[in-house]
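Chemist: no FASTA, just this:
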């Protein structure tokens, strides 16, 4: 089996750093043109794009706040202007604003919901409109692929992070509902639900030996995930190898969803 994404185009939101960056690099390595999106860190986004270009790929950088409709539409227009078509959207952009439930402000709640959930709605809706117009073409067996970046916290409750967990639970149902509605148009929609992956957003959980030992108690497989792990799954879902998969959340977590506290009888 071979993956062939050469000549296809992807928008990867929040791809200046972290999982978005890993996915952008992974897709580019398979020959895709990439729209590198960022919210505030142009220097890091330029770095992602330059790494793609240095390896012989094509990339443009577009600033956009995914929680703003006009920004999302401008990003998709920039993609069409640069490449003339779109094949994959990785709705990755997200953030955390953690607080105890009784101390969480409405602003903290709204900030996370607007980016982590509403942002995926806006990007998914715009992608579906483009894919419907394009239809199935010579690039792929499908008209287009939407990949939502979720989390194990679309299933696992997370005290102290209720805004984030609620957003990711919403992403799961948003993804499934989009997949149900868009399948007739040959548009595939799936979600990647990572567990603990080594990124700057969770650095406190792995940056010391003590923190890592504590984290690994939650991971039966015995190691933290890397950005490359998520990128490999993203490439698979973007390819025709996954053409019969839609409406599915794939947990990539080293077994975190296996409730490791019960390994020894609970």
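Modeler: Cool, got the structure. All values derive from a computational prediction rather than experimental measurement.
Chemist: where in the protein is pLDDT low?
Modeler: 1, 266 (pLDDT under 70).
Chemist: correct me, but residue 199 touches residue 14?
Modeler: No - proximity of residue 199 to residue 14 does not meet the contact threshold set by C-beta atoms under 8 Å, at 11.1 Å. Backbone N, C-alpha and C define where each C-beta goes, glycine included.
Chemist: between these two, which is the more surrounded one?
Modeler: More crowded of residue 199 and residue 14, by other C-beta atoms under 10 Å: residue 14, with 28 against 21.
Chemist: what's the neighbour count on the nearest residue to the more buried one once chain neighbours are set aside?
Modeler: The shortest distance from residue 14 to any non-neighbouring residue, by C-beta to C-beta, 6 or more residues apart in numbering, is to residue 93 (3.2 Å). Using other C-beta under 10 Å, residue 93 is surrounded by 25 other residues.
Chemist: going forward, begin numbering at 685 instead of 1
Modeler: Sure, I'll start counting at 685 from here, so that last one is residue 777.
Chemist: show me where the stretch 785-934 of the chain has its strands.
Modeler: 828-833, 871-878, 933-936 (DSSP state E, counting those that start in this stretch).
Chemist: distance to residue 864 and mean neighbour count added to those, as CSV?
Modeler: What follows is these, written out as CSV (distance: least, C-beta to C-beta, whole Å; neighbours: other C-beta atoms under 10 Å):
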stretch, distance to residue 864, mean neighbour count
strand 828-833, 13, 27
strand 871-878, 9, 26
strand 933-936, 14, 18
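Chemist: now the ones you listed in CSV, with distance to residue 819?
Modeler: Below are the strands of the stretch 785-934 of the chain laid out as CSV (distance: least, C-beta to C-beta, whole Å):
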stretch, distance to residue 819
strand 828-833, 9
strand 871-878, 10
strand 933-936, 27
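Chemist: which stretch among those comes nearest residue 843?
Modeler: strand 871-878 (18.9 Å; C-beta to C-beta).
Chemist: residues touching the longest helix anywhere in the chain, excluding its own?
Modeler: Criterion DSSP state H: the longest helix present in the chain is helix 846-866. If you take C-beta atoms under 8 Å, 6 or more residues apart in numbering as the criterion, helix 846-866 is touched by 778, 780-782, 785, 788, 792-793, 795-797, 800-801, 804-805, 808, 812, 815, 830, 832-835, 837-842, 872-875, 877, 930-933.
Chemist: could you do stretch 802-817 as well?
Modeler: 695, 697, 750-753, 756-757, 760, 764, 770, 773, 775, 777-778, 827-828, 830, 832, 855, 858-859, 862, 866, 869, 871, 873.
Chemist: narrow these to those that are buried.
Modeler: Neighbour counting with 16 or more other C-beta atoms under 10 Å marks 695, 697, 750-751, 756, 760, 770, 773, 775, 777-778, 827-828, 830, 832, 855, 858-859, 862, 866, 871, 873 as buried within the contacts of stretch 802-817.
Chemist: tell me the spacing between residue 769 and residue 717.
Modeler: Distance of residue 769 to residue 717, computed by C-beta to C-beta, to the nearest Å: 9 Å.
Chemist: who touches residue 698 in this structure?
Modeler: 704, 721-723, 750, 776-778.
Chemist: adding secondary structure and distance to residue 743, write these out as CSV.
Modeler: Converted to CSV, the contacts of residue 698 look like this (DSSP: H, G, I helix; E, B strand; the rest coil; distance: C-beta to C-beta, whole Å):
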residue, secondary structure, distance to residue 743
704, helix, 13
721, strand, 11
722, strand, 12
723, coil, 17
750, coil, 18
776, coil, 15
777, coil, 17
778, coil, 21
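Chemist: which two among the residues you listed are spaced furthest apart?
Modeler: 722 and 778 (13.1 Å).
Chemist: pull the contacting residues for residue 763.
Modeler: 693, 695, 719, 744, 746, 770.
Chemist: can you count the residues close to the first one?
Modeler: Residue 693 sits with 22 neighbouring residues when counted by other C-beta under 10 Å.
Chemist: distance of it from residue 821?
Modeler: Residue 693 is 12 Å from residue 821, where distance means C-beta to C-beta.
Chemist: same check, this time on the fourth one
Modeler: When C-beta to C-beta is the yardstick, residue 744 and residue 821 sit 21 Å from each other.
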